[in-house]
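>>> Let's see this in three dimensions:
(one chain, ligands or ions: 1)
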Amino acid sequence: MTKEELIGELVHDGYLKTPSIIDAFTYVDRVDFISEDMKRYTYTNEPLPIGFDQTISQPLTVAFMLELLSPKIGDVILDIGVGSGWQTALLAFIISREYGEEEHTPSVFGVERIHELFESARQNVEKYHYISRNIVLLKEGDGTTGFLEHAPYDKIVAAAAAPTIPQAWKDQLKIGGRIVAPVDESIVVLDKKGTMDFEEKRYFGFHFVPLISVN
Ligand code: SAH
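Below you'll find the model as predicted:
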């Protein structure tokens with residue numbers, strides 16, 4: 001499959017809908033986030049190994065989660081489990097697509113716990129100058145506790161499944177904000193209506209690597 005065929009299939013099947021997300025899939029090329037030996041599988045709709053028992057997420061899952069997250073220009077977003085950096089760069093494209101050359105502070109924050117993946121994600125995301133342009137800031141560490149220094153966030157998205165949504169993510173979310181995260185084999189959407197008031201929806205039938213906490 002080519003990139004255009006993969007995107008066409010995701011649109012046809014109803015996973016990709018929003019023009020800015022479709023543009024992100026076109027601009028931020030999955031091939032830039034995959035190792036040499038896996039490149040021939042780049043545009044298959046499958047998760048692919050990125051080493052250390054981790055995978056770059058399946059395009060269908062990334063499309064589905066980004067549509068639920070509904071990122072907008074100006075959103076401050078936390079991305080837990082950066083892995084290859086692909087989804088982080090997609091988010092950076094969506095929230096910065098109308099930025100000019102002006103100075104800004106980062107608005108996509110990513111956390112990755114595996115040192116080698118953190119390093120390669122940094123290189124991959126920088127292929128699009130999102131780090132030097134101060135759009136993305138990546139941190140190595142355990143994302144279970146969120147990223148307090150830059151909270152609160154408009155949106156939080158995770159790529160590794162926890163048994164429940166960590167309290168730190170709920171605390172670090174703005175009121176009116178949304179978390180999209182895997183819990184076991186499902187995707188949970190949590191809308192924050194008030195300090196202690198959350199509305200939850202769940203979508204079943206997905207598979208994720210586990211969220212590993214050191215605590
Ligand atoms: N969206 C990424 C998905 C990578 S898989 C991509 O498409 O490349 C999920 C990632 O979550 C893995 O890289 C794994 O190391 C990371 N992860 C697991 N538990 C974590 C934790 N507690 N904190 C930060 N990252 C974690």
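
>>> Any regions of the chain where pLDDT drops low?
Flagging of the chain using pLDDT under 70 yields the residue ranges 214-215.

>>> so what's the residue lying closest to residue 166 once chain neighbours are set aside up against?
Nearest residue to residue 166 in three dimensions, chain neighbours excluded: residue 144, at 5.0 Å (Cβ to Cβ, 6 or more residues apart in numbering). To be clear about C-beta, it is placed using only N, CA and C from the backbone, and glycine gets the same treatment. Counting by Cβ atoms under 8 Å, 6 or more residues apart in numbering, residue 144 touches 80, 162, 166, 168, 211, 213, 215.

>>> out of these, which are buried?
Applying 16 or more other Cβ atoms under 10 Å to the contacts of residue 144, the neighbour count classes 80, 162, 166, 168, 211 as buried.

>>> what bridges to the second one?
Okay, so that is residue 162. Beta bridges link residue 162 to residue 183, judged by DSSP bridges.

>>> quick one, phi/psi of residue 110?
Backbone torsions for residue 110, taken as degrees, to the nearest 10, come to phi -130, psi 140.

>>> Please apply the same query to residue 178.
Taking degrees, to the nearest 10 as the convention, residue 178 sits at phi -140, psi 140.

>>> Correct me if wrong: it contacts residue 192.
Yes - the pair residue 178 and residue 192 qualifies as a contact (Cβ atoms under 8 Å) at a distance of 7.3 Å.

>>> How about the residues of the chain by the ligand?
Residues of the chain lying near the ligand by Cβ under 6 Å from any ligand atom: 54-57, 80-81, 83-84, 86-87, 111-114, 117, 142-144, 159-160, 209, 211-213.

>>> Send me the host helix or strand of residue 8 as CSV with only the CA atoms.
Element membership of residue 8 [criterion: DSSP states H and E] is helix 3-12. Backbone C-alpha positions of helix 3-12 (Å, rounded to 0.1, in the frame of the first residue of the first chain) are rendered in CSV as follows:
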residue,chain,number,x,y,z
LYS,A,3,0.5,6.4,1.9
GLU,A,4,-2.4,7.7,-0.2
GLU,A,5,-4.0,4.3,-0.3
LEU,A,6,-3.7,3.9,3.5
ILE,A,7,-5.2,7.4,4.1
GLY,A,8,-7.9,6.7,1.5
GLU,A,9,-8.8,3.5,3.3
LEU,A,10,-9.0,5.2,6.7
VAL,A,11,-11.2,7.9,5.3
HIS,A,12,-13.4,5.4,3.5
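
>>> Can you tell me what sits against it?
In contact with helix 3-12 (Cβ under 8 Å, 6+ apart) are residues 1, 16-17, 22, 25-26, 29-31, 42-45, 59-60, 63.

>>> Would you pull up how far it lies from the middle of the chain?
Offset of helix 3-12 from its chain centre (Cα atoms, centre = their mean, to the nearest Å): 19 Å.
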